[in-house]
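Enquirer: what would the 3D arrangement of this be:
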Amino acid sequence: MLKQNPPGRQHWPKCFSSILAGGGIAGGNLYGKPKPGKGEYPTGNRVRPEELAATVYHALDIPINDPKDASGISGSLTTGEPLLDLFG
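Expert: Next up, the predicted model:
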């Protein structure tokens, strides 16, 4: 069993990478900017997980603020907004 204190990701927890393709995402782009050197902290165009999720939902044409889901429950899928700059 892995025991850490504090729990969670210990390797550069403030910065991660992701690859998006298809769904209208413009190719050949780099979004965001890591700190020079180690790259462990973002310095420009910071993206929260909620924004990444909203961007994927947008690419799939899934409304994030749909008033009701298929079972009739109201709510949002994410609190983030899609990164529309990524679409061509």
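
Enquirer: direction included, what does the helix or strand of the chain with the lowest mean pLDDT pair against?
Expert: Within the chain, no helix or strand scores below strand 33-34, which has a mean of 78 by mean pLDDT, DSSP states H and E. Using DSSP bridges, the strands paired with strand 33-34 in its sheet are strand 42-44 (antiparallel).

Enquirer: counting neighbours, which bits of the strand it pairs with end up buried?
Expert: Across strand 42-44, burial judged by 16 or more other Cβ atoms under 10 Å covers no residue at all. C-beta coordinates here come from the backbone N, C-alpha and C atoms, glycine included.

Enquirer: same thing with stretch 70-86?
Expert: 78, 80, 82, 83, 86.

Enquirer: next one: stretch 17-34
Expert: For stretch 17-34, the neighbour count (16+ other Cβ under 10 Å) marks 20, 25, 34 as buried.

Enquirer: tell me the one of those nearest residue 13?
Expert: residue 34 (13.6 Å; Cβ to Cβ).

Enquirer: thought the closest one was touching residue 46?
Expert: No: using Cβ atoms under 8 Å, residue 34 makes no contact with residue 46, being 10.4 Å away.

Enquirer: residues touching the residue most central in space within the chain, list them.
Expert: In the chain, the C-alpha nearest the mean C-alpha coordinate belongs to residue 52, at 1.8 Å (Cα atoms, centre = their mean). Applying Cβ atoms under 8 Å, 6 or more residues apart in numbering, we find residue 52 in contact with 18, 80, 83.
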